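Participant: Pasted the sequence and its predicted model underneath.
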Amino acid sequence: MLSELEHYLAIVVVALLQGLTEFLPISSSAHLIILPHWLGWEEQGIIVDVAVHFGTLLAVVFYFRKHLTNLANATVRSVVHGQIDTDTKLVLNLIIATLPIVVFGYFMKDFVDTELRTIPIIAFATIGFGVLLWLADLNNNVVKDESVMTLTQALIIGFAQVLALIPGTSRSGITITCALLLGFSRTSSSRFSFLLAIPTISGAALLTFFDALQITNSVDWIELGIGIGVSFLTAYLCIDLFLRFVEKIGLLPFVIYRVVLGSALLFSLWFV
């Protein structure tokens, strides 16, 4: 059993991990499964899960607040005046890209929780989808912006996002990979992926919140505050730095990290 101080420090670590990995193409779900496995910790509980998801959601909303305001205004203009511009098209693309994960996520949640949260699956997904990310980045010679994305392309990215239900895949990783393969630039692919995270994380946080209501009658507000605050700050910093430097450094560092991590997981299974 952890002491109270150790318990709160563990929450800080979990929130840091969620904030650091949610938007980097390295899979947050994999890291949150691996950490307790390697350190022998108990899972931090559903309240912490809600808190760290809410913190990362706040981070991406706050980072793109001006962009989201423009999208909201464009939506109003399209409804009231029938004006369709690039912002309106982006809203439609985000809606279309969200639909597959809503359907598959709802019906596959129990299967994912019981059958796919294993170290071998995480290891192979981490390596395999990491290599795919590298190949997509390697062959990306086009610099299309997300403003020219079609509904069909958005739907393809949406179906790719379904693969993120497999722990180790990475939601941001697979959507960035797919967008790169469709000919979009690194920055545009990443920006669309991060905007797509808003409805996706919102849905996941909402489902977890309803689960929490059924399981617990009390809330540790310190847990909640730590989880939200730490995950918000780290996620915001990650989004900012990633978008600043992704065109310069590329995605190879994340690919190398994924291959090393996946290989370490397999080594720990087979030789330790």
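Facilitator: Looks like it came in fine. Please read these numbers as outputs of a predicted model, since none were measured by experiment.
Participant: wait, doesn't residue 137 sit right on residue 252?
Facilitator: Yes - contact criterion CB atoms under 8 Å: residue 137 and residue 252 qualify, at 7.1 Å. C-beta coordinates here come from the backbone N, C-alpha and C atoms, glycine included.
Participant: Looking only at neighbour counts, state which of the two leads.
Facilitator: residue 137 (21 against 12; other CB atoms under 10 Å).
Participant: elements contacting the lowest-mean-pLDDT helix or strand in the chain?
Facilitator: Least confident helix or strand, the chain: helix 28-39 with a mean of 84, by mean pLDDT, DSSP states H and E. Counting contacts by 3 or more CB pairs under 8 Å, 6 or more residues apart in numbering; DSSP states H and E, helix 28-39 packs against helix 4-21, helix 119-138, helix 252-271.
Participant: Out of the ones you listed, which is closest to residue 71?
Facilitator: In terms of CB to CB, the element of these nearest to residue 71 is helix 4-21, at 24.0 Å.
Participant: related to what we said a few turns ago, now do the following helix or strand past the least confident helix or strand of the chain: which elements does it pack against?
Facilitator: For helix 28-39, the following helix or strand on the C-terminal side (DSSP states H and E) is helix 46-63. Counting contacts by 3+ CB pairs under 8 Å, 6+ apart, helix 46-63 packs against helix 4-21, helix 186-215, helix 221-249.
Participant: For the closest residue to residue 227 other than its chain neighbours, which residues are in contact?
Facilitator: With CB to CB, 6 or more residues apart in numbering as the criterion, residue 227 has its nearest non-adjacent residue at 2.7 Å, and that residue is residue 51. Contact partners of residue 51, counting by CB atoms under 8 Å, 6 or more residues apart in numbering, are 15, 223-228, 231.
Participant: hmm, back to that, of all the helices and strands packed on helix 28-39, which one is nearest residue 164?
Facilitator: Among these, helix 119-138 sits nearest to residue 164 (CB to CB), with 9.1 Å.
Participant: got the buried residues for the closest one?
Facilitator: Within helix 119-138, the residues that qualify as buried are 119, 121-123, 125-130, 132-134, 136-137, counting by 16 or more other CB atoms under 10 Å.
Participant: quick revisit: I'd like the helices and strands packed on helix 46-63 laid out as a markdown table, including mean neighbour count and distance to residue 35.
Facilitator: Formatted as a markdown table, the helices and strands packed on helix 46-63 follow (neighbours: other CB atoms under 10 Å; distance: least, CB to CB, whole Å):
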| stretch | mean neighbour count | distance to residue 35 |
| --- | --- | --- |
| helix 4-21 | 18 | 6 |
| helix 186-215 | 19 | 18 |
| helix 221-249 | 18 | 14 |
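Participant: any chance of those in CSV, with distance to residue 98 and mean pLDDT too?
Facilitator: Supplementary listing: those in CSV, determined by distance: least, CB to CB, whole Å; pLDDT from 0 to 100:
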stretch, distance to residue 98, mean pLDDT
helix 4-21, 21, 90
helix 186-215, 5, 89
helix 221-249, 19, 94
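Participant: Compile these into CSV and extend it with columns for distance to residue 33.
Facilitator: Shown next, in CSV, are those (distance: least, CB to CB, whole Å):
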stretch, distance to residue 33
helix 4-21, 11
helix 186-215, 15
helix 221-249, 17
